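Colleague: sharing a model prediction with you, sequence too.
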Amino acid sequence: MHEYQFKILEFLKDRGESSVDEIVEATGIALDAARWAIETLAEQKAIEVSKEREKILSLTEEGKGYVNEMPEETFVKQLAKHGTAKLSEIKDSIGLMWAKRNGWINIENGVAKLTAEGVRHSKSAEYPLRQVLERLDSSSADDEYVGKHEGEIVLLEKRNLVKVSERSSMGAVRITSAGKRMLEEGTNEEGINQLTKEMLLSGSWKNKKFKSYNINAPTEEVYAARLHPMREFNNHLRSLWVSMGFTEVSGPIIESAFWDFDALFSPQDHPTREMQDTFFLSNPNEISVEDLPLLKRVKKMHLSSWGDVWREEVAKQALLRTHSTSVSAHYIYKFSKLLSEEYPVKLFSLGKVFRNESVDYKHLAELTQYDGIIIGDKLSFSNLVDTLRRFYDLLGFDTNPRNKKFKFKPSYFPFVEPGLEALYYDEEKQDWIELVGGGIIRKEITKALGTKKTVLAWGGGVERLLFHFMNLDSLTTLYKNEVQWLRKRPKIDI
């Protein structure tokens, strides 16, 4: 018997029952060593240990951002300034939803207006949900406070603002009849923990007992290094495209409106060029197009197709690219002078794109997009469908038409004709999730970019694929960077 075990049993012999803190104080054994001895004695049935479960409350990263003011509070304060707001103009969907649930607003004919309760809250600094967040953030919430505000904490947990976890701790420690027998029969001889050179030379180890080693003893959890799920999944997508004979290309994130919109047949008065859809830059505020013949051809394409004024200063506007199809446009132009025998050209790109839109469970303002093009002769819409079907088959989707959980449907995109979308049905969310949009690049575009070849093109969001492979509730989960979630995240099922 180890000396620590002996000391603990000796202490408990007369007391019968004690706490871990009392055992440590009375025996002088360090806390970790005492816990080890108690665990091993419990395994030998020498003592009984009651387990106590303790709730641990902590704020998520999103919750920390709302300590000073929650979205619904911000929303009603802004609404109080303007009186009313059209739903079509409201971007803060979270603040709108919770203000409506709280009865702070009424919505009639697509217009939001404060109720009397909403007016009161727009002027008040008191809001129980936020006050609970503040208390938890300051680590001053004792058990009594937590019990009193259990309803608010449950709601905050549902909103993913508070994380509730449980920790098991040792409660009362009691000696058993088996422990008393061990004490009577045993000895406090420690036993050999480690063989030394001197023991081997002298042979003293032969008359010693070896200390037992418990391979089932609890240890600190070790987290192996692993890639972020986006990096891991992007690498997998790359391997699939390469296996299908594609070459990866890339392009700038900061782009000119010329390559993001004009070269792709988007008219200069198209709604996607508005501030509410696109992030325009102030520094730099414009990017020039050096190839003047190309500029003239694109200008001619717009004037002949849209019959309106085309302004070069609009084409020079600097922005964060709204899609990585701009990369495809660059490479259609770059490979327009190849010899015929060098076709077909099969390219894909993978990178960040940015859209100024409201964030919800399947939309983000920043996302990763994969794009692909095939440039060649005698290419048809069937080739596009076949390419996409083979890719999604490799990814693990069942694209068989009889499956009825994966489908292609006609769709419109300014730069392709005809166009399509591929979607799959998510059983968990009871919703069709768009995977990719594509089509045959319009002849007006390929002519302006200097090629007579046919170009098949497509683009889709990577994050939406992870809905299927990681069973996510929301795309925002991927970018909260919560260390515990990253450590324990589910395996990507590919």
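Modeller: Everything's here; your move. Numbering: from 1, shown residues only.

Colleague: pLDDT weak spots in this structure?
Modeller: Of all residues in the chain, those with pLDDT under 70 make up the ranges 167-168, 186-193, 211-214, 217-219, 275-276, 361-362.

Colleague: spatially central residue in it, please.
Modeller: By CA atoms, centre = their mean, the chain has its centre lying nearest to residue 478, at 0.6 Å.

Colleague: tell me the domain boundaries of this structure?
Modeller: The chain is divided into the following domains under automatic domain parsing: 3-52+167-207, 61-165, 229-253+321-488.

Colleague: and the longest one, how far from the chain's centre?
Modeller: Mean C-alpha position of domain 229-253+321-488 versus that of the full chain (CA atoms, centre = their mean, to the nearest Å) differs by 19 Å.

Colleague: check stretch 287-301 too.
Modeller: 40 Å.

Colleague: okay, the domains of the chain in TSV with distance to residue 294 next?
Modeller: Heads up, the C-betas are built off the backbone N, CA and C, glycines and all. Formatted as TSV, the domains of the chain follow (distance: least, CB to CB, whole Å):
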stretch	distance to residue 294
domain 3-52+167-207	64
domain 61-165	36
domain 229-253+321-488	7
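
Colleague: and these, which is most packed in?
Modeller: Mean neighbour count (mean count of other CB atoms under 10 Å) peaks for domain 229-253+321-488 among the domains of the chain, with a mean of 17.

Colleague: span of that one from start to end?
Modeller: Using CA to CA, to the nearest Å, the span of domain 229-253+321-488 from its first residue to its last is 11 Å.

Colleague: just stretch 22-39 next, same as before
Modeller: End to end - CA to CA - stretch 22-39 spans 16 Å.

Colleague: what do you get for stretch 36-50?
Modeller: In stretch 36-50, first residue to last residue: 15 Å (CA to CA).

Colleague: if I look at the closest residue to residue 343 other than its chain neighbours, how far off is residue 416?
Modeller: Counting by CB to CB, 6 or more residues apart in numbering, residue 343 lies nearest to residue 376, which is 4.4 Å off, once chain neighbours are set aside. Noted for residue 376: a distance of 16 Å to residue 416, by CB to CB, to the nearest Å.

Colleague: contact partners for the closest residue in space to residue 149 that isn't next to it in sequence?
Modeller: The shortest distance from residue 149 to any non-neighbouring residue, by CB to CB, 6+ apart, is to residue 132 (5.2 Å). Residue 132 makes contacts with 141, 149, 152, 153, 156, as judged by CB atoms under 8 Å, 6 or more residues apart in numbering.

Colleague: quick check: the fourth one touching residue 55?
Modeller: No - Residue 153 is beyond contact range of residue 55, at 9.2 Å (criterion: CB atoms under 8 Å).

Colleague: between these two, what contacts are shared?
Modeller: Common neighbours of residue 153 and residue 55 (CB under 8 Å, 6+ apart) are 146, 164.
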